[in-house]
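*Asks:* Output the structure for:
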Amino acid sequence: MPQRTITIVGAGQSGLQLGLGLLQHGYAVRLVSDRTGEEIAAGRVASSQCMFGRALAYERAVGVDLWDDAPAVQGIGFTVPNPEQPGEQLFSWAGRLDSDAYAIDQRVKFPALMNLFAERGGEIVYEEADIASLERYADESELVIVAAGKGEIARAFERDAERSTYDAPQRALALTYVHGLKPTPEFSRVSFNLVPGVGEFFVFPALTLSGDCDIFVFEGVPGGPLDRFRDLTPEEHLEASLDFLRTFLPWEAERATDVTLTDDLGVLQGRFPPTVRKPVMQLPSGRTVLGMADVVVLNDPITGQGSNNASKCAQHYLEAILDHENLPYDRAFQQNAFERYWARIKPVADWTNALLQPPPPHVLQMLGAASQFPEIAHRFANGFNDPTDFGDYFLNPEGAERYLAEVAARAGTGVAA
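*Replies:* Numbering: from 1, shown residues only. You can find the predicted model right below:
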């Protein structure tokens with residue numbers, strides 16, 4: 001029986017992981033990238049990419065386990081400043097993850113995975129894909145998957161108005177990669193700070209081109225005091241980062257007194273609207289191509305799920321392709337493959353979109369109670385690995401009330417406050 005042929009456009013997290021998985025099962029896979037590995041390594045940071053246990057397990061299943069010595073992220077911390085007493089915390093807590101998370105700079109990761117893909121027999125074509133290219137790929141392959149989530153070609157997929165909650169950016173985004181941050185006590189973590197009405201800041205350990213580092217992630221309400229990173233030099237970007245910490249989060253500024261940029265390309269700023277797109281695009285010839293990961297579900301980074309979603313999409317698409325065996329990859333298959341992924345990822349999108357709104361009373365109560373009850377802190381921290389859990393209590397006022405009462409009863413303290 002001849003090999004089935006699949007072309008994947010985009011050499012990012014989802015495209016590389018799916019390609020490696022398909023090679024394991026004997027498929028002939030062509031990967032299309034607009035940059036070589038060397039160009040990616042020499043480029044600007046693109047993401048913050050902290051990946052949790054389940055997504056990492058999907059990677060390991062296709063043979064991606066190359067950075068055992070990378071700094072681990074062992075937990076999640078959460079802090080809210082006191083709005084009535086600047087410089088003080090309203091509450092703060094940290095919960096341990098059941099399995100460590102890791103953040104590998106994509107400038108390190110993607111070139112290594114591209115080499116692994118080629119070593120295992122995959123074909124890599126270096127060109128910038130357009131509609132004419134997609135027609136050619138569709139003529140030469142049984143299935144074409146577009147995984148170029150941040151490219152122009154992604155915008156050719158139609159926005160799904162019913163599934164898209166927003167039509168405008170909800171946050172001004174910025175990244176700052178640094179060396180020299182003081183570690184958190186007890187265990188390493190994603191230190192998440194919520195400043196109501198202003199935005200969010202979180203930071204966590206990572207591995208970059210120059211070794212161990214930490215990644216600052218800023219999420220500013222557009223037009224507010226955290227929307228401050230446009231048109232800055234790298235040095236100005238770092239100073240804007242530190243100035244915000246000194247003003248709003250002095251406990252984080254204290255950790256950052258000796259930080260330096262990892263490199264001049266270790267900064268990034270931008271904004272985009274969270275968007276769900278229809279997964280199947282029909283080409284002028286009538287052929288269809290399937291979108292994946294950020295092409296079809298582009299979430300705000302506030303929950304740190306981008307690379308996790310990409311890994312999970314790769315896994316769902318791999319399973320859909322394997323289950324399909326020798327049947328044609330027609331439009332129905334393509335739509336069904338996406339729906340399998342959407343069923344799993346919709347709770348993630350719901351949770352992410354909810355955090356972009358001012359926190360309702362039950363959410364603040366839940367987050368505050370986590371500083372009193374370690375059980376809640378542990379559950380919230382591990383929700384980053386499996387966000388479907390948040391729908392049961394975090395997004396549901398009645399579920400939150402019920403859960404808080406159950407926790408308080410187990411602790412023998414009465415009603416949680």
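*Asks:* From now on I want contacts and neighbour counts done on CA atoms only, so please keep to that.
*Replies:* Will do.
*Asks:* Mind naming the longest strand for this protein?
*Replies:* Of all the segments of type strand in the chain, defined by DSSP state E, the longest one is strand 89-103.
*Asks:* ends of stretch 123-130, how far apart?
*Replies:* Terminal residues of stretch 123-130 lie 19 Å apart, using Cα to Cα, to the nearest Å.
*Asks:* contacts for it?
*Replies:* Applying Cα atoms under 8 Å, 6 or more residues apart in numbering, the external contacts of stretch 123-130 come out as 9, 29, 30, 31, 32, 33, 34, 35, 36, 117, 118, 153.
*Asks:* Contact partners for residue 288?
*Replies:* 138, 144, 280, 281, 282, 330, 331.
*Asks:* now do residue 7
*Replies:* Contacts of residue 7 were listed using Cα under 8 Å, 6+ apart, and they are 29, 30, 31, 32, 137, 141, 143, 144, 145.
*Asks:* looking at this, it is in a helix?
*Replies:* No: Residue 7: not assigned to a helix; according to DSSP: H, G, I helix; E, B strand; the rest coil it is strand.
*Asks:* Can you pull the phi/psi pair for the spatially most central residue of the chain?
*Replies:* For the chain, the residue lying nearest the average C-alpha position, counting by Cα atoms, centre = their mean, turns out to be residue 306 (1.8 Å). The phi/psi pair for residue 306 (degrees, to the nearest 10) reads phi -60, psi -60.
*Asks:* Same question for the one 10 residues further on.
*Replies:* Geometry field for residue 316 lists phi and psi as phi -60, psi -40, criterion degrees, to the nearest 10.
*Asks:* is it true that it touches residue 334?
*Replies:* No: Residue 316 is beyond contact range of residue 334, at 11.9 Å (criterion: Cα atoms under 8 Å).
*Asks:* still on that earlier bit, need the contact partners of the longest strand of the chain.
*Replies:* So strand 89-103 is contacted by 48-53, 56, 70-83, 189, 205-207, 368, 370-371, 374, 377-382 (Cα under 8 Å, 6+ apart).
*Asks:* Next, the buried residues of the helix or strand following it.
*Replies:* Using DSSP states H and E, the next helix or strand after strand 89-103 towards the C-terminus is helix 106-119. Under the neighbour-count criterion of 16 or more other Cα atoms under 10 Å, helix 106-119 has 106, 107, 108, 109, 110, 111, 113, 114, 116, 117 buried.
*Asks:* Show me which of the residues you listed is closest to residue 401.
*Replies:* Proximity of the buried residues of helix 106-119 to residue 401 (Cα to Cα) peaks at residue 106, which lies at 40.7 Å.
*Asks:* so residue 331 touches residue 279, yeah?
*Replies:* No: proximity of residue 331 to residue 279 does not meet the contact threshold set by Cα under 8 Å, at 9.9 Å.
*Asks:* of the two, who's got more company?
*Replies:* Legend: neighbour count by other Cα atoms under 10 Å for residue 331 and residue 279, higher for residue 279 (27 against 17).
*Asks:* you'd agree the more buried one is up against residue 290?
*Replies:* Yes: Residue 279 is within contact range of residue 290, at 5.7 Å (criterion: Cα under 8 Å).
*Asks:* what do these two both touch?
*Replies:* Common contacts of residue 279 and residue 290 (Cα under 8 Å, 6+ apart): 334, 335.
*Asks:* Around residue 105, count how many other residues there are.
*Replies:* If you count neighbours by other Cα under 10 Å, residue 105 ends up with 24.
*Asks:* And for it, nearest residue in space, chain neighbours not counted?
*Replies:* Leaving aside its sequence neighbours, residue 105 sits nearest to residue 208 (Cα to Cα, 6 or more residues apart in numbering; 5.0 Å).
*Asks:* Look up which residues are beta-bridged to that neighbour.
*Replies:* For residue 208, the beta-bridge partners are residue 211 (DSSP bridges).
*Asks:* Helix or strand: which one has residue 176?
*Replies:* Counting by DSSP H and E, residue 176 is part of strand 172-179.
*Asks:* How far does stretch 251-265 sit from its chain's centre?
*Replies:* Mean-position distance between stretch 251-265 and its chain equals 22 Å (Cα atoms, centre = their mean, to the nearest Å).
*Asks:* And it, what's buried?
*Replies:* 252, 253, 256, 259, 260, 261, 262, 263.
*Asks:* rewinding a little: same for the strand holding residue 176, what does it pack against?
*Replies:* For strand 172-179, the packing partners by 3 or more Cα pairs under 8 Å, 6 or more residues apart in numbering; DSSP states H and E come out as strand 211-220, helix 234-248, strand 260-261, strand 267-270.
*Asks:* So which of the ones you listed has the densest surroundings on average?
*Replies:* Of all those, strand 211-220 carries the top mean neighbour count, a mean of 23, counting by mean count of other Cα atoms under 10 Å.
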